[in-house]
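Engineer: Make a model of this:
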Amino acid sequence: MFVNNQSDKSNIDIKHERAFDYYMNLAKDWKDPLPAPVIKKVDGYNVVDESVLGEIGSKGRFGDLLFSQIKEKTIVYCQPRFGWAGISLCYLAKKYNKRLILFMPASKEASQHQLVTIEKGAIPIFMRIAAMPNLNKAAKEYADDLGAFFIPLGLKHELVTAAIVKTASDLFYSDLTEPREMWTVISTGVLTRGLQIALPGTKFWAVAVARNIQPGELGRANFFSYDKSFSWSLKKQPMTIDSALNYDAKGLEIMRDYGSTGAYFWNVAGEIAPQILTPHDVKSNVQWLI
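Structural biologist: I've put the predicted structure just below:
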C-alpha cells in the first residue's frame, strides 16, 4: 500500500495568491499544437482519453511549452521502469531537435517502457540504485556537469503546470462546465495539482500507483492507494478505454468501483510495447554505482 505522508491539503505548486492567473500568464503566448483532448463517455463516466494521441500522451502535450523555451541542446531526465514520461519526452525531443538522455534504474531485464524509449532514440544510462531520489540526484549532477537541461522527476516544472492549467481551462470553460468530480492516478502529482488550480470547484480523487505521496504533492485531492506494486500490471482493461495497464488502468478500476456517476477521469496514455527491441538486446543489469 502506498502512503499519503501529509496532514494538510497544501499544493506545492500554489506559490502565489492568484495561482490560476499566474500560470495562465506564463502560458499566454503558448498555443497547444495538438488537437484538443477528447472526452469519451464510458459506463456512465467521462474519460479524457489522451490515448488517442498515440505515442505522444498527455506529457507530450503538457511538456510542449517547456520544450519551446529550452535553449540547451541536451535534455536529461529520470525514466522509471514504468511510466510514459520518457516516451512523451522522446516525441518532444524529436520535435525540437534535442538530444535526450534518460537515467534508468538498472535491473535484470529492461522493461517494456524503457525499451520503447530506446527504440525512439533516447540515450539510456542505467544505474543500480536503492531508490528513485538517488537516481534523480545523479541525473541532475550529470546534467549540471554536461551543461544540459535537467527536468525533475514527473516533469515538475512551472511551465508544465502552466500548460496543464491552460489546457484544462480551455477544455472546460469553453464548451463544457467545470466537472463535479475528477479522478487521476498520482505519482509525483504534477497532473492533479495543475488540474486543481484550473478547476477550483471540482472535487478531486487521486489513486497512488507508484510511490508514497509527500507533503504538498496531493493538494486538496482525496487519497486512494492501489494495493499492488507499481510493476504489477492488470491483465485486461477495466473499461473500454486504452490505458497503461500498470498506471492509468489501475485508477480507472478504482473509479469504476468508487466514483460517482458522471465523474471524469484523465487518462494520460494507452498501453505501449516495443516493436523491435527485446530485453536481450539491452544491457540493463549493471553493477551498483551509487
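Engineer: And the helices in the chain, which stretches?
Structural biologist: For the chain, the helices defined by DSSP state H cover 19-26, 57-62, 64-67, 85-95, 112-119, 132-146, 158-172, 190-198, 248-258.
Engineer: quick one, which of these is nearest to residue 240?
Structural biologist: Nearest of those to residue 240, taken as CB to CB: helix 248-258 at 10.1 Å. Backbone N, C-alpha and C define where each C-beta goes, glycine included.
Engineer: how near is residue 156 to residue 111?
Structural biologist: 22 Å (CB to CB, to the nearest Å).
Engineer: The two: who's more crowded?
Structural biologist: Legend: neighbour count by other CB atoms under 10 Å for residue 156 and residue 111, higher for residue 111 (21 against 16).
Engineer: which residues touch the more buried one?
Structural biologist: 81-82, 231 (CB atoms under 8 Å, 6 or more residues apart in numbering).
Engineer: Hmm, residue 77 is touching residue 88, no?
Structural biologist: No: using CB atoms under 8 Å, residue 77 makes no contact with residue 88, being 10.1 Å away.
Engineer: just for the stretch 101-250 of the chain, where's the confidence low?
Structural biologist: 175 (pLDDT under 70).
Engineer: Of all the helices of the chain, which one comes closest to residue 180?
Structural biologist: Of these, the one closest to residue 180 (CB to CB) turns out to be helix 158-172, at 11.5 Å.
Engineer: Contacts for the closest one next, please.
Structural biologist: With contact meaning CB under 8 Å, 6+ apart, helix 158-172 is reached by 13, 20, 23-24, 26-27, 30, 32, 36-37, 39, 48, 59, 61-66, 69, 178-179, 190-191, 193-195, 197-199.
Engineer: Stretch 216-233 now?
Structural biologist: Against stretch 216-233 from outside (CB under 8 Å, 6+ apart): 1-4, 6, 9-13, 80-82, 111, 184, 186, 188-189, 192-193, 196, 203-211, 213, 245-246, 249-251, 254, 258.
Engineer: to the chain's geometric centre, what's the distance from that stretch?
Structural biologist: 13 Å (CA atoms, centre = their mean, to the nearest Å).
Engineer: do the same with stretch 272-290
Structural biologist: Using CA atoms, centre = their mean, the offset of stretch 272-290 from its chain centre is 22 Å.
Engineer: pLDDT averaged over it - what is it?
Structural biologist: Averaged across stretch 272-290, pLDDT comes to 80.
Engineer: Can you show me the CA trace of that stretch as PDB?
Structural biologist: What follows is stretch 272-290, C-alpha atoms only, in PDB (Å, rounded to 0.1, in the frame of the first residue of the first chain):
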ATOM      1  CA  ILE A 272       2.500   0.500 -25.500                       C
ATOM      2  CA  ALA A 273       5.200  -2.100 -26.300                       C
ATOM      3  CA  PRO A 274       8.500  -2.100 -28.100                       C
ATOM      4  CA  GLN A 275       8.300  -3.000 -31.800                       C
ATOM      5  CA  ILE A 276      12.000  -4.100 -32.300                       C
ATOM      6  CA  LEU A 277      14.000  -4.400 -29.200                       C
ATOM      7  CA  THR A 278      13.800  -7.200 -26.600                       C
ATOM      8  CA  PRO A 279      15.300  -7.300 -23.100                       C
ATOM      9  CA  HIS A 280      18.100  -9.400 -24.500                       C
ATOM     10  CA  ASP A 281      19.200  -6.600 -26.800                       C
ATOM     11  CA  VAL A 282      19.900  -4.100 -24.000                       C
ATOM     12  CA  LYS A 283      22.400  -4.500 -21.200                       C
ATOM     13  CA  SER A 284      20.500  -3.100 -18.200                       C
ATOM     14  CA  ASN A 285      21.900  -5.300 -15.400                       C
ATOM     15  CA  VAL A 286      24.800  -3.000 -14.400                       C
ATOM     16  CA  GLN A 287      26.700  -3.100 -11.100                       C
ATOM     17  CA  TRP A 288      26.000  -0.800  -8.100                       C
ATOM     18  CA  LEU A 289      27.300   2.600  -8.900                       C
ATOM     19  CA  ILE A 290      25.800   4.700  -6.100                       C
END
